[in-house]
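Trainee: okay, predicted coordinates and the sequence, questions at the end:
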Number of protein chains: 2
Amino acid sequence: MITTLKDVSRLADVSLTTVSHVVNGTRPVSEKLRARVEAAIRQIGYTPNSLARSLKLSSSRTLGLAIQDIRNPHFTEIVYALEERARERGFTLLLSDFGDDPARESDALRVFVERRVDGLIIAPTSNGAAALAWLRGRGVPAVQIDRIADPGFDYVVVSNHAATRRLVTHLCQKGHRRIAMLGGLMGLSTSRERVAGYRRALRDAGLPVDPGLIVVGCSQPESARIATHALLDQAAPPTAIVAGNNLKALGALRALGERNLRVPEDVALVSFDDFPWADLFRPRLTTAAQPCRALGERAVDLLLDRIRDPGLAPRHVRLGVEIRHRESCGCAAGAPFSPTTPHVPTSKSV
Amino acid sequence: MITTLKDVSRLADVSLTTVSHVVNGTRPVSEKLRARVEAAIRQIGYTPNSLARSLKLSSSRTLGLAIQDIRNPHFTEIVYALEERARERGFTLLLSDFGDDPARESDALRVFVERRVDGLIIAPTSNGAAALAWLRGRGVPAVQIDRIADPGFDYVVVSNHAATRRLVTHLCQKGHRRIAMLGGLMGLSTSRERVAGYRRALRDAGLPVDPGLIVVGCSQPESARIATHALLDQAAPPTAIVAGNNLKALGALRALGERNLRVPEDVALVSFDDFPWADLFRPRLTTAAQPCRALGERAVDLLLDRIRDPGLAPRHVRLGVEIRHRESCGCAAGAPFSPTTPHVPTSKSV
DNA sequence: GGAAAATCCGCAAACGTTTGCGAGTTGGCG
DNA sequence: CGCCAACTCGCAAACGTTTGCGGATTTTCC
């Protein structure tokens, strides 16, 4: 059913070498033989064996992608961009979703290396540093996305600090003085940067940082929902909430709904990460939208560069974030947004 | 950096054969040698080369996944389930997103076959039949999901007809007499089955089928949005709309919002496909929720069975759909839902 | 103590490619 | 006619594994 070069060579009565060369166009072949070979190929429906080819060339034209949870719309978007870019460049993607489990993260990397991917893209967990160290030992090219666990590797992330700061500053300007932050796992660089941006904005506004208004560690909508209820149960509840990412925004939204609190009249809500359908939530959510597509494309480009030249110094890319100004912050729909912090342009260090 | 069996065998001073056997545990090895080998492996950080292994064994423990658009939440969910199940079974997933493009669909399959996947899972386009025929010629195991393009291959899909029928019947019972249907590309079995279910429900209710209320061919939110506007511009506009899938529901929702029409008071809306956050739209959407997880799991299981025994007769699985009864159909939240058509149980033919 | 059985191990051929090297042929030119 | 360049092509070794076969050593049992 599946045929080989040898089958073709027998049928066309030429050498293996010649068949290989007409298949790959890697050296001139006379018109006569080429015709015979091509006829034979069509006749038996020959399909090259990439495995053998990769083995011989020690290059599989395959990229490994290890990510937390494809179902998170943010990652879905990134995966989409990565796959497209990789495909355009002639690479195929191996996919691994490792959830929250560091062990599964390591497993994924091991599997990828065993399959001899040419390089890999990873959104590392909080202990991704160990996994990356292991990779370094194998000399496998890799780039981190979204989060950074080891500055020794390339990465492309966004300006979490600046964007969160702008979000919070905006709430301050609208008069909010008790602003809560739903933060993520502090092992993640994103969470740390976003919480730092939040603190910074408060300090800039001369507001106290109340530890009771910062809750960290929730990673799923459900924990965010519960955390939100807890926040609102306080003696002096927040008048505004900053969700550290899209999942937390969903949780917060649910909690607010359960309490029949109106957004933004009773409590304002802004969130990191946009949804493709964020305009359909009521109220329409004000968000910090990451450039997922650009992020994916840059990641692939960085990786291919490094595969070409493994000696490159680590390259760090930080992309700007766009604030999508909608209603949940308390502004009328479409009202102009005037941040105090200027928009952070795409930057690249080293 | 990357080492081989031979490196290990040299360092441990044993034969290649022995190293291979301790790595795979495929034949007993004396305690002494095993220890030496394991020490050597650790020392040089040996990682097996799956490419060579696959070549020799002619089995790559890899599954190809070709899908339309991962960003569609419905497919995202399926991809997630597929990846998880495949991983549990020791297989890795190759991912290809081919959009609407039949050419890219064929490309994807070709790439997968060249990479010698053990089998593949595909949500075929309207002309997927050709692509599948090509596969048959190569003898590559495959299962179709979501849609069916060639009954000669295994598939696992849902009861589109029955579910749509229940959705529409429910609207009829609420008194709607002009119910519009936003259908998909009629080349897809899902679209045909859903539209058929819609017609059937109307006939059952003794209502006329007005061709002006059926619009087919839209596949993206934007075209559904435009189609919805057109529907509402009619002399006798519909009082209820059935969205053929989640994307169309988003488009319809946008159009209704743009017209400041209230759902369900002015126009009722129900939709095929659920969203994980469907409870956060306002109004909360009544949907026909597919068992994405089960679908993914069954697909992998079917595929692995077939890989084991390629001679199996084609197996067809049709899963039941759960109606998630919320507000957009015009019922009070949480009101009981009493379909005339009994819930279609999971069935399996042949 | 000796033969048979059991145990432990290595040789070398394959899996399906790619490619350096060199052999054979042809044509051009003096 | 002779020689060299240009052109075409095939041989065979490699890529990193797996595994059938058989040789050597040890154990078992009478």
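Mentor: Alright, I've got the coordinates. The shown structure was predicted, so the numbers you read here are calculated from the model rather than taken from an experiment. Numbering: from 1, shown residues only, chains lettered A, B, ... in the order given.
Trainee: I'd say A:Glu38 and A:Val22 touch.
Mentor: Yes. With contact defined as C-beta atoms under 8 Å, A:Glu38 counts as touching A:Val22 (6.8 Å). Quick note: C-beta positions are derived from backbone N, CA and C, even for glycine.
Trainee: so for those two, which sits in the more crowded spot?
Mentor: Shown here are A:Glu38 and A:Val22; by other C-beta atoms under 10 Å in any protein chain shown, A:Val22 has more neighbours (22 against 16).
Trainee: what helix or strand does that one sit in?
Mentor: Assigned by DSSP states H and E, A:Val22 falls within helix A:16-24.
Trainee: show me what the very next helix or strand once past that helix is packed up against.
Mentor: The C-terminal neighbour of helix A:16-24 among helices and strands, as given by DSSP H and E, is helix A:31-44. Using 3 or more C-beta pairs under 8 Å, 6 or more residues apart in numbering or on different chains; DSSP states H and E, the elements in contact with helix A:31-44 are helix A:5-12, helix A:16-24.
Trainee: helices or strands up against the shortest one?
Mentor: Pointing back at helix A:5-12 there. Counting by 3+ C-beta pairs under 8 Å, 6+ apart, helix A:5-12 packs on helix A:16-24, helix A:31-44.
Trainee: may I see the buried residues of it?
Mentor: By 16 or more other C-beta atoms under 10 Å in any protein chain shown, the buried positions in helix A:5-12 come out as A:5, A:7-9, A:11-12.
Trainee: the residues you listed also near DNA strand D: which ones?
Mentor: Among the buried residues of helix A:5-12, not one lies near DNA strand D by C-beta under 7 Å from any atom of the strand.
Trainee: can I get those residues in CSV with pLDDT and distance to A:Asn260?
Mentor: Listed next are the buried residues of helix A:5-12 as CSV, based on pLDDT from 0 to 100; distance: C-beta to C-beta, whole Å:
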residue, pLDDT, distance to A:Asn260
A:Leu5, 97, 71
A:Asp7, 97, 72
A:Val8, 97, 72
A:Ser9, 97, 76
A:Leu11, 96, 76
A:Ala12, 96, 77
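Trainee: nearest to DNA strand C among the residues you listed?
Mentor: Of all the buried residues of helix A:5-12, A:Leu5 has the smallest distance to DNA strand C: 3.0 Å, by C-beta to the nearest atom of the strand.
Trainee: ok, now how distant is that closest one from B:Ala205?
Mentor: To B:Ala205, A:Leu5 is 63 Å away according to C-beta to C-beta, to the nearest Å.
Trainee: can you name the residue of the stretch 151-300 of chain A nearest to DNA strand C?
Mentor: Taking C-beta to the nearest atom of the strand, the stretch 151-300 of chain A has A:Val300 as its residue nearest DNA strand C, at 23.9 Å.
Trainee: what about that residue, how many residues nearby?
Mentor: By other C-beta under 10 Å, the residues close to A:Val300 number 28.
Trainee: how about the helices in chain A?
Mentor: Taking DSSP state H as the criterion, chain A carries its helices at A:5-12, A:16-24, A:31-44, A:50-57, A:73-88, A:102-114, A:128-138, A:160-173, A:189-204, A:221-233, A:246-258, A:292-308.
Trainee: got the contact list for A:Trp277?
Mentor: Shown in contact with A:Trp277 (C-beta atoms under 8 Å, 6 or more residues apart in numbering or on different chains): B:Leu250.
Trainee: find me the pLDDT at it, would you?
Mentor: For A:Trp277, the model assigns a pLDDT of 85.
Trainee: and if you look at A:Lys348?
Mentor: The per-residue pLDDT reported for A:Lys348 equals 52.
Trainee: A:Leu304 - how many residues pack around it?
Mentor: Neighbourhood size, A:Leu304 [other C-beta under 10 Å]: 19.
Trainee: thought A:Arg194 was touching A:Val270?
Mentor: No. A:Arg194 is beyond contact range of A:Val270, at 11.8 Å (criterion: C-beta under 8 Å).
Trainee: and the residue of the stretch 151-300 of chain A nearest chain B?
Mentor: Nearest residue of the stretch 151-300 of chain A to chain B (C-beta to the nearest C-beta) works out as A:Arg282 at 3.6 Å.
Trainee: go ahead and confirm that residue touches B:Phe281.
Mentor: Yes. Between A:Arg282 and B:Phe281 there is a contact at 7.4 Å, judged by C-beta under 8 Å.
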